[in-house]
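generate a structure from the sequence data that follows.
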Amino acid sequence: MTLMRTSLAALLTLSIVGCTTPNTLTVTTTQKLIQHERVKSSLDSKVFTLASGEQIAYLEGGNLAGKPLLLIHGFGGNKDNFTRIADKLADYHLIIPDLLGFGNSSKPMAADYRADPQAQRLHELLQFKGVDSAIHVGGNSMGGGISVAYAAMYPNNVKSLWLLDSGGFWSVGLREEFLDATPDNNPLVVDTTEEYFSLYKLVMYKPPYIPKTVQAVFAQENIANRDLQAKIIEQIVEDNVEERAKVVAEYNIPTLIVWGAEDKVIKTETAKLMSDLMPQAQIIIMPEVGHVPMIEAVKDTANDYKAFRALL
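Predicted coordinates for the structure are as follows:
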C-alpha cells in the first residue's frame with residue numbers, strides 16, 4: 001500500500017509539474033516510478049559481464065525455482081518494457097535483459113547488432129545463470145526476431161517461443177509510413193522529445209497513461225543514443241530471420257504468435273507468414289492493441305501466454 005501511495009503521488013506530482021524539459025525533480029521521480037514497478041513485480045537489477053568485456057544489465061525475479069523464461073525487448077526499448085507484465089508471470093523464473101546497445105547495457109558503436117550476435121550474447125548470460133539447457137524465450141518486435149534466431153541456434157535447448165508483433169519477417173513488406181524511411185530519417189529513431197511523443201502514440205493503440213514529463217525523461221535515452229540506434233536499425237531491417245524460422249518448425253518448437261490488430265509498425269499479415277513458416281504455431285490477434293501487447297493489454301497478454309504454457 002505504501003508503494004502504491006508513493007507511485008500515485010509521484011504521478012500526480014509529475015502531472016502537475018507539466019514540464020517536458022527534464023530536470024532533477026522529473027528525473028528523480030521517474031526513477032522512483034521505475035523502481036516502484038520493479039519492486040511491485042519482485043524484480044532485482046543485476047549486471048553480467050560478457051567475455052568480450054561489455055556489460056549486460058538485466059532484471060531477474062519471479063519464481064527462481066520455476067522454469068526459466070527469457071524476455072527480449074524491441075528496438076528503442078529496454079528491459080522495463082516487460083516490468084508491467086512481470087508480476088502476472090510470477091510462476092516463472094524471469095530473466096529480462098537490456099540488449100547490448102540499449103538501456104543500461106554497454107553501447108559499443110562498432111558491435112554487430114544483428115539477431116545472431118545478440119542471441120549469442122544472451123546465450124552467454126543464460127549459461128552464466130545455469131539455465132541455458134531448458135529455456136522458454138519470448139520477444140517483442142526486434143526481440144521476436146532475436147528469439148527466433150536464438151531458437152534456431154540452440155533448438156535442443158528452447159522449449160517454447162512467445163513472439164509478440166515480431167520483427168525479422170521482412171518479405172511481407174513494410175507499412176506505407178516506412179517505405180521511404182532511412183536510418184537517418186525513420187519514425188523509430190528520434191532526435192527530439194516531440195518526436196518521442198509521436199513515437200509513443202505510433203507504437204501503442206491505447207497507451208497507458210504516462211505524463212509527458214515522464215515520457216520526456218524516457219526520450220533522453222533514445223535521443224542520446226540516436227546515432228547508435230540509426231546504425232542498429234540499418235542492420236536489423238536487412239536481417240531476415242525467415243530461414244531460421246524453418247529450423248524452429250523442423251524441431252517442432254511450440255510457438256505462440258501474438259499480434260496487435262492495430263499495429264502501426266509491422267504489418268499484421270506478418271503473423272500469417274510466420275504461421276506458414278512455422279505450422280506448429282498458434283496465432284492470437286488482439287483487437288484494439290498496437291505494437292506492444294505486454295504494455296497495452298497486460299492481463300489479457302499474460303493470460304493468453306499462461307494458457308499456452310499450460311498445454312505444453
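
next, the buried residues of stretch 163-182.
163-170, 172, 178, 181 (16 or more other C-beta atoms under 10 Å). Every C-beta, even on glycine, is put in place using the N, C-alpha and C of the backbone.

distance to residue 198, secondary structure and pLDDT for the residues you listed - can I get that in CSV?
Converted to CSV, those look like this (distance: C-beta to C-beta, whole Å; DSSP: H, G, I helix; E, B strand; the rest coil; pLDDT from 0 to 100):
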residue, distance to residue 198, secondary structure, pLDDT
163, 26, strand, 99
164, 22, strand, 98
165, 19, coil, 98
166, 23, coil, 98
167, 20, coil, 97
168, 24, coil, 97
169, 25, coil, 98
170, 23, helix, 96
172, 24, helix, 94
178, 14, helix, 88
181, 14, coil, 88
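
for the stretch 151-300 of the chain, which segments count as helices?
Assigned by DSSP state H, counting those that start in this stretch, the stretch 151-300 of the chain shows helices spanning 193-203, 212-224, 226-236, 242-250, 270-277, 293-296, 298-310.

in the second one, what's buried?
By neighbour count on 16+ other C-beta under 10 Å, the buried set for helix 212-224 is 212-219, 221-223.

closest one of the residues you listed to residue 43?
Proximity of those to residue 43 (C-beta to C-beta) peaks at residue 218, which lies at 18.1 Å.

roughly how far does the closest one sit from residue 243?
Counting by C-beta to C-beta, to the nearest Å, the gap from residue 218 to residue 243 is 35 Å.

next one: residue 225
30 Å.

neighbour count: the two, which is higher?
residue 225 (20 against 10; other C-beta atoms under 10 Å).

ok, the closest residue in space to that one that isn't next to it in sequence - contacts?
Excluding the flanking residues, the one nearest residue 225 by C-beta to C-beta, 6 or more residues apart in numbering is residue 107, at 6.2 Å. Applying C-beta atoms under 8 Å, 6 or more residues apart in numbering to residue 107 gives the contacts 100-101, 225, 228.

among those residues, list the two that are farthest apart in space.
Distance extremes for those: the farthest pair is 100 and 225 at 11.9 Å, using C-beta to C-beta.

pLDDT weak spots in this protein?
1-20 (pLDDT under 70).

any idea how far residue 252 is from the spatially most central residue of it?
Nearest residue to the geometric centre of the chain (C-alpha atoms, centre = their mean): residue 73, 1.6 Å. Separation of residue 73 from residue 252 (C-beta to C-beta): 27 Å.

now do residue 262
Distance of residue 262 to residue 252, given as C-beta to C-beta: 31 Å.

I would like the residues contacting stretch 222-241, please.
Stretch 222-241 is contacted from outside by 75-76, 101-102, 107, 109, 112-115, 142, 145, 148-149, 152, 167-171, 183-184, 186, 188-193, 196, 199, using C-beta under 8 Å, 6+ apart.

repeat that for stretch 251-263.
Applying C-beta under 8 Å, 6+ apart, the set of residues contacting stretch 251-263 is 151, 155-156, 158-166, 205, 248, 268, 270-271, 274-275, 278, 280-293, 296, 301, 304-305, 308, 312.

list the buried residues of it.
Those would be 253-260, 262-263, for stretch 251-263 by 16+ other C-beta under 10 Å.

centre of the chain to that stretch, how far?
Taking C-alpha atoms, centre = their mean, to the nearest Å, one finds stretch 251-263 lying 14 Å from the centre of the chain it belongs to.

start and end of that stretch, how far apart?
Start-to-end span of stretch 251-263 (C-alpha to C-alpha, to the nearest Å) is 29 Å.

stretch 84-98 too?
Taking C-alpha to C-alpha, stretch 84-98 runs 16 Å from one end to the other.
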